[in-house]
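A.B. asks: What would the 3D arrangement of this be:
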Amino acid sequence: MTLVFGMNRPLAVDAATAPGAGAAAAVSPLPSIPFEKYVLGNGLQVILVENHRLPLVAVNIWYRVGAANERPGLTGFAHLFEHMMFAGTKHIPRGVAERLLEAAGGSDSNASTGFDRTNYFDTTPSNQLELNLWTHADRMGYLLDALDETALANQQDVVRNELRQNYDNRPYGIVDLALYRMLFPQGHPYRGAVIGTHADVQAARLDDLKRFFKLYYAPNNASLVIAGDIDKAVTKKLVDKYFGSFKRGPAVPRVDVVTPPITSERCDVWLEGPGISSMVVGEPTRQFVRYFLICPGKDNCASSLEPSRSPPPNWYSPKTVSGVLIQPVRPLKLRIMSPRPGLSLNSMSMVRRSGALAKI
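C.D. replies: Here you go, the predicted structure:
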């Protein structure tokens, strides 16, 4: 697997062919979403969005902690703790919260972890707002009372199985790991995968979890968003009832790191296994998608790089490329192109209008 980067080099775009050219007048203004934001005495930020179009309410609580906050040897810890938040609390045994919310008509119940945040969310009928808030508040206030070795061992197994499913045993599963290791230097908080490694996940200890919770899962390190069919006055009373009594936690140290610029292309080869070969090209952009043509041989690569919101006509030949997956471009996203069976990376080349970009 080959990764090629050229992140800091400007890309010349002809005004007539640039994405969105001539469409500036048709651009719609950004939507305006009225909201009210206030802070409880314990530091919890609360954002209320009142909208009565549907009889639903969404609760989303964000904790300002993610993989970037992990200590060396504890990669994947923030994601592991996301799982631990569903392992039960002092008042709600494991699995009961999910059953209560589902029985009340709840949907979109889940959580996610990134480098800088972990969030938990549920959508319920608006008349079940109190149940919704209670389940989230009980995790914030009473999770430590139910944490034990059994729950930790169970979630370690779950996370490691997720790691096998999404990375180890999945074609191109190592792409994210390879990308971050090439973009960021050793010691940078964004260098590792959010999910961590098998060794580090298994090495987590109960005392580590408790210290992590006390520091990062305090109300002063969280933001609570409640949006939908609500009455603000009633909602504020419920928020104070369920979250107002929690004590402010210690000050949370912020991650302060300098990322050195990438001044030249970086190319590396990662081997996944027999029968799997592909070329992966990643180049963060802000305004348009960059498509790279990949084809076997030296003579049948026509145009190679097109700045466009859609692939240019005839940009690849079905005879030479068997499948194309183009992911939406955001910083650090990739395009993955798989050659037909029988074609290896050694027989593939990639060119650019200005000349050869890379040759494997």
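A.B. asks: nearest spatial neighbour of residue 133, skipping sequence neighbours?
C.D. replies: residue 242 (5.0 Å; C-beta to C-beta, 6 or more residues apart in numbering). Quick note: C-beta positions are derived from backbone N, CA and C, even for glycine.
A.B. asks: and if you look at residue 167?
C.D. replies: residue 173 (4.1 Å).
A.B. asks: burial count for the one you found?
C.D. replies: By other C-beta atoms under 10 Å, 15 other residues sit near residue 173.
A.B. asks: pretty sure it is touching residue 162, no?
C.D. replies: No - using C-beta atoms under 8 Å, residue 173 makes no contact with residue 162, being 11.3 Å away.
A.B. asks: Now do the shared contacts for the two.
C.D. replies: Counting by C-beta atoms under 8 Å, 6 or more residues apart in numbering, residue 173 and residue 162 have no contacts in common.
A.B. asks: so what's residue 155 up against?
C.D. replies: Contacts of residue 155 (C-beta under 8 Å, 6+ apart): 80, 83-84, 87.
A.B. asks: tell me which residues of the helix or strand containing it are tucked away?
C.D. replies: Assigned by DSSP states H and E, residue 155 belongs to helix 149-163. By 16 or more other C-beta atoms under 10 Å, the buried positions in helix 149-163 come out as 151-152, 155-156, 159-160, 163.
A.B. asks: can you list the domains in the chain?
C.D. replies: Following automatic domain parsing, one finds the domains of the chain at 2-19+277-359, 44-243.
A.B. asks: Lowest average pLDDT across those?
C.D. replies: When mean pLDDT is averaged over each of those, domain 2-19+277-359 scores lowest at a mean of 36.
A.B. asks: in a strand, that's where residue 133 is, yeah?
C.D. replies: No - the assignment for residue 133, made by DSSP: H, G, I helix; E, B strand; the rest coil, is helix rather than a strand.
A.B. asks: Around it, how many other residues sit close by?
C.D. replies: 23.
A.B. asks: gap between residue 238 and residue 87?
C.D. replies: From residue 238 across to residue 87, the span is 25 Å (C-beta to C-beta, to the nearest Å).
A.B. asks: cool, residue 229 as well?
C.D. replies: Counting by C-beta to C-beta, the gap from residue 229 to residue 87 is 31 Å.
A.B. asks: More neighbours: which of these two?
C.D. replies: residue 87 (20 against 17).
A.B. asks: residues contacting the more buried one?
C.D. replies: 94, 146-147, 151, 154-155.
A.B. asks: Need these in JSON lines (columns: distance to residue 200).
C.D. replies: Shown next, in JSON lines, are those (distance: C-beta to C-beta, whole Å):
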{"residue": "94", "distance to residue 200": "24"}
{"residue": "146", "distance to residue 200": "24"}
{"residue": "147", "distance to residue 200": "19"}
{"residue": "151", "distance to residue 200": "18"}
{"residue": "154", "distance to residue 200": "18"}
{"residue": "155", "distance to residue 200": "14"}
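A.B. asks: All the strands of the stretch 1-150 of the chain, residue numbers only.
C.D. replies: Secondary structure of the stretch 1-150 of the chain (DSSP state E, counting those that start in this stretch): strands at 2-5, 36-39, 45-50, 56-63, 107-113, 118-125.
A.B. asks: Then the stretch 151-300 of the chain?
C.D. replies: Under DSSP E, counting those that start in this stretch, the stretch 151-300 of the chain gives strands at 222-228, 266-269, 279-282, 289-292, 295-296.
A.B. asks: what's around residue 251, how many residues?
C.D. replies: 11.
A.B. asks: How much space separates it from residue 95?
C.D. replies: 35 Å.
A.B. asks: what's next to stretch 129-141, contact-wise?
C.D. replies: 57, 59, 61, 85, 89-92, 97, 100-101, 104, 106, 120, 122, 124, 217, 219, 222, 224, 226, 230, 235, 238-239, 242-243, 245-246.
A.B. asks: Just the buried residues from those residues, in ChimeraX please.
C.D. replies: Applying 16+ other C-beta under 10 Å to the contacts of stretch 129-141 leaves a buried subset, and the ChimeraX line that selects it is:
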select :57,59,61,85,89,92,97,100,101,106,120,122,124,217,219,222,224,226,230,235,238,239,242,243,246
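A.B. asks: quick one on the thing from earlier: let's have the strands of the stretch 1-150 of the chain in JSON lines, adding distance to residue 196.
C.D. replies: Formatted as JSON lines, the strands of the stretch 1-150 of the chain follow (distance: least, C-beta to C-beta, whole Å):
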{"stretch": "strand 2-5", "distance to residue 196": "21"}
{"stretch": "strand 36-39", "distance to residue 196": "33"}
{"stretch": "strand 45-50", "distance to residue 196": "28"}
{"stretch": "strand 56-63", "distance to residue 196": "18"}
{"stretch": "strand 107-113", "distance to residue 196": "10"}
{"stretch": "strand 118-125", "distance to residue 196": "14"}
